[in-house]
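Enquirer: Just to be clear, the model below is a prediction. Sequence and coordinates:
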Amino acid sequence: MKNIYQSLASFQQECPTIHQATKGYGYTYADLKTIFETINPLLAKHGLGFTQLIQGQQIKTIVFHCESGETIESVTDIPQDVSLKGMNDFQVFGSACTYMRRYAISSILGIVTDKDTDASGEQQKKPIKVVKQTINEKTFDDYILKLQDEDHSKVESFIEWAEKHTLTASQRKAIDNLKK
C-alpha cells in the first residue's frame with residue numbers, strides 16, 4: 001500500500017481547487033466533466049487511475065496504482081425514493097448516480113471544490129430573528145405608577161427594558177411621556 005499512498009499524497013499536493021461553474025437545483029457545483037478534466041492528467045502523472053462501478057444501488061469507487069496494482073476502494077449508497085420535478089424514475093436514478101459519483105471521487109481522492117454548497121444551497125448563517133415579547137398592560141401600568149416618584153436612573157433603566165419588548169400604542173405613548 002506504500003506506493004498508492006505515496007502517489008495519492010503527491011497527487012493531492014498538486015491538484016488545484018476545482019472551480020464550481022455549473023448551476024442547477026438552486027446551487028453551483030463542479031460537474032463531473034470538470035472534475036475529470038482536472039484530475040485525470042494529474043492521476044496519470046502520478047501513476048494512478050480510477051474506476052466507478054454501479055453495483056445495484058451502490059457506486060464502488062476504486063483508485064488504483066498502475067504499477068503495483070494496489071487499490072483503495074469506497075462504496076457509496078445511491079439514495080432511493082428520491083423524486084425530482086419533471087423527471088421519470090430512470091432520469092432520477094441517473095442524476096443520483098452522477099451526483100454520488102462526484103462526491104465519491106472527490107472524497108476518495110481528497111479533492112476540494114470552491115465551496116461546499118450541496119443540495120441544501122450555499123450554507124450561510126441564518127440571521128437570528130429576535131421575537132420581542134409583549135408586556136402585560138397591568139404590569140406595565142404598575143411600573144409606570146411606581147416610576148413617577150423614582151429618580152431619573154431608574155426611569156432610564158425601565159425605558160431601556162421596555163423598549164426591548166413589543167409595545168402597544170398606549171405603552172409607547174407612556175414611554176414617550178417618561179422621556180420628557
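Expert: Nice, I can see it. Residues are numbered from 1 along each chain as shown.

Enquirer: quick one: average pLDDT of the helix or strand harbouring residue 38?
Expert: Residue 38 is part of helix 32-45 when elements are defined by DSSP states H and E. The average of the pLDDT scores along helix 32-45 is 95.

Enquirer: buried sites along it?
Expert: 32, 34, 35, 38, 39, 42, 43 (16 or more other CB atoms under 10 Å). Placement of C-beta: from N, CA and C, glycine included.

Enquirer: Leaving out sequence neighbours, find the closest residue to the fourth one.
Expert: Right, residue 38. Once flanking residues are discounted, residue 38 sits nearest to residue 18: 5.1 Å by CB to CB, 6 or more residues apart in numbering.

Enquirer: Please tell me how far that neighbour sits from residue 41.
Expert: 13 Å (CB to CB, to the nearest Å).

Enquirer: With residue 171 instead?
Expert: 70 Å.

Enquirer: How far away from the center of its chain is the helix holding residue 38?
Expert: Between the centre of helix 32-45 and the centre of its chain there are 25 Å (CA atoms, centre = their mean, to the nearest Å).

Enquirer: Which strands and helices lie in contact with that helix?
Expert: Using 3 or more CB pairs under 8 Å, 6 or more residues apart in numbering; DSSP states H and E, the elements in contact with helix 32-45 are helix 2-14, helix 89-109.

Enquirer: Can you tell me which helix or strand of the chain has the lowest average pLDDT?
Expert: Least confident helix or strand of the chain, by mean pLDDT, DSSP states H and E, is strand 22-24 with a mean of 66.

Enquirer: Check the burial of residue 143 by counting its neighbours.
Expert: 15 (other CB atoms under 10 Å).
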